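> Got a sequence here, can you build the structure:
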Amino acid sequence: MAKTESCQIIASRFRTRLTRGISIALLLVLLSSCAPSQSFNSNLDRIVEPYRFSIVRWEIQAITHELYEFLFGGIRVSPDDSLIVVEYFEVMEGIGSEVNRIAAIISGTVDGDPEIHLANLAALEARRDSLSAAAEAVLEAQIRETLNSLGIYNPLDGAFNFTSTFPPVKLRLQEPPKLLVVSPRDRIGRLATITLNNTIGLQEIIELEEAVSELDVSALVVDLGGIATYPSFVSNRYGLRFALSTAVEEWFHQYLFFRPLGFRYGLSEAGFSQPDYIATMNETLAGMVSAEIAAVVYERYYASYYAPVQASVREITSHVFNFNAFMRETRLEVDNLLALGQTEQAETYMEERRLILAEHGYLIRKLNQAYFAFYGSYADQPGFENPVAENFKTLRANSVSLATFIKMASSLTTPDELVQAVK
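Residues are numbered from 1 along each chain as shown. Here you go, the predicted structure:
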């Protein structure tokens, strides 16, 4: 895989972790209405309005559909119907190939008749649409069965004796909205995050970022792989493994909303001030738990359909250029410059580092404060130095089960509490 493609998938993965901290969208709408209005927010809203994606409108449509299925019966599938999902992602791979082929023919890079490939693309898209509902239902059933087998039922800490998973696992395999991330220029932190229509083009993205930056902030539009709406958005563009991990993670964000850590994160996303470490702890925990659960789902239902993943050439030769170490070094220097009040120097430095990355094949479109504000929510990811991830890993290693770890970890709301739990 080319480094550019790999970086895009990596970026989409974290992105990916936009969590509105919600299981109930209307509750967040209510909370958001209580947040104070400021002139900055008004100017930002005015700029973003033509591109904004309405989570609330989507939720109303999705929940209406779920209610209809509940009343009149939905598609009946079994967790063992893995072939439906396998075919779905084979079709998605074919769609990607046809789209790339058509683009190459139109640009003159290769020879061919675009009409033939357009017809192939239409047939594949029709097959995808016919498989979508069943593939979603199979994944939901498989995740639900796996959660129950691991003793993970509900987040209400014994208040109710649910015999099935709560919140119910519900997902949509489709392209999520994009996300506008806004950070102050003089420090790295999330000032605002706004969902955008996924149809927005590159030129529109650039113009939007420039317009927002004129408010004396740092702005970046990123791709998302999933959103913890209800049902969850789960991108269908990156293959089965990615979809499994994202589906579990977005469900777990919904689960966390009913726990102390996740609820505080929900408050921050609704506009109520919370310490930066709340997002870091929430996202790091969700990433760890989802990776473990998704691996179990894959092993149970899909490992027999695919050959074992081999290490790529780049992974084998990663010692030549260490992307993670480079990004951590960059983040530390940026933090230092900003702490000294040298904002413009920090921005110049980030652009210089972006160009060095490009020389090594890592094509990051824009490296700025907003970039680190978004990806810095994941304590075990490039560009972030924080003991949160290691402490969570230690706590997990010392826990008798994943369910026990989740109960303990999701009750912690400060790094100090996490340290004490580890001790």
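> Show the model's pLDDT score for Ser149.
At Ser149, the model reports a pLDDT of 94.
> Next one: the residue lying closest to Ala141 once chain neighbours are set aside from Met92, what distance?
In space, and not counting its chain neighbours, Ala141 is closest to Pro79: 4.4 Å by CB to CB, 6 or more residues apart in numbering. Any C-beta I mention is one placed from the backbone N, CA and C, and that applies to glycine too. According to CB to CB, to the nearest Å, Pro79 and Met92 sit 21 Å apart.
> who has more neighbours, those two?
Using other CB atoms under 10 Å as the criterion, Pro79 and Met92 rank with Met92 on top: 23 against 18.
> pLDDT value on the more buried one, please?
97.
> what's the strand or helix carrying it packed up against?
Assigned by DSSP states H and E, Met92 belongs to helix 82-107. Helix 82-107 is packed against helix 114-149, helix 240-256, with contacts defined by 3 or more CB pairs under 8 Å, 6 or more residues apart in numbering; DSSP states H and E.
> Of these, which stretch is the most buried?
Ranked by mean neighbour count, those are led by helix 240-256 with a mean of 26 (mean count of other CB atoms under 10 Å).
> How far off centre is that one?
Averaging C-alpha positions (CA atoms, centre = their mean, to the nearest Å) puts helix 240-256 9 Å from its chain's average.
> next one: stretch 98-109
For stretch 98-109, the distance to the chain centre is 29 Å (CA atoms, centre = their mean).
> If you count neighbours, what's buried in that stretch?
Buried positions in stretch 98-109, judged by neighbour count with 16 or more other CB atoms under 10 Å: Glu98, Arg101, Ile102, Ile105.
> Go through the residues you listed and name the one nearest Arg46.
Distances from Arg46 to the buried residues of stretch 98-109, taken as CB to CB, are shortest for Ile102 (37.0 Å).
> surely that closest one meets Pro114?
Yes. The pair Ile102 / Pro114 is scored as a contact, 5.4 Å apart, by CB atoms under 8 Å.
> just to revisit the earlier point, ok, so of the buried residues of stretch 98-109, who is nearest Thr280?
Taking CB to CB as the measure, Thr280 lies nearest Glu98 of the buried residues of stretch 98-109, at 40.2 Å.
> what's near enough to touch that closest one?
For Glu98, the contact set (CB atoms under 8 Å, 6 or more residues apart in numbering) comprises His117, Asn120, Leu121, Leu124.
> Tabulate those residues (TSV), appending pLDDT and distance to Pro415.
TSV is the format used below for those (pLDDT from 0 to 100; distance: CB to CB, whole Å):
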residue	pLDDT	distance to Pro415
His117	92	53
Asn120	95	53
Leu121	95	49
Leu124	96	48
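> Thr193: helix or strand, and which one exactly?
Applying DSSP H and E, one finds Thr193 within strand 192-196.
> Who are the packing partners of that strand?
Where contact means 3+ CB pairs under 8 Å, 6+ apart, strand 192-196 is packed against helix 39-48, strand 178-184.
> want to try TSV for these, with mean neighbour count, mean pLDDT and distance to Ala373 as columns?
Output for the helices and strands packed on strand 192-196, formatted as TSV (neighbours: other CB atoms under 10 Å; pLDDT from 0 to 100; distance: least, CB to CB, whole Å):
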stretch	mean neighbour count	mean pLDDT	distance to Ala373
helix 39-48	14	92	15
strand 178-184	23	95	4
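> In TSV: these, plus distance to Arg237.
Below are the helices and strands packed on strand 192-196 laid out as TSV (distance: least, CB to CB, whole Å):
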stretch	distance to Arg237
helix 39-48	24
strand 178-184	13
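> I'd say Val296 and Asn148 touch.
No. Judged on CB under 8 Å, Val296 makes no contact with Asn148 at a distance of 11.7 Å.
> For stretch 360-371, give the mean pLDDT please.
94.
> Please measure how far the first residue of that stretch sits from its last one.
19 Å (CA to CA, to the nearest Å).
> repeat for stretch 43-57
End-to-end distance of stretch 43-57 (CA to CA): 23 Å.
> Contact partners for the nearest residue to Ser82 once chain neighbours are set aside?
Nearest residue to Ser82, sequence neighbours excluded (CB to CB, 6+ apart): Tyr301, at 4.8 Å. Tyr301 is in contact with Pro79, Asp80, Ser82, Gln142, counting by CB under 8 Å, 6+ apart.
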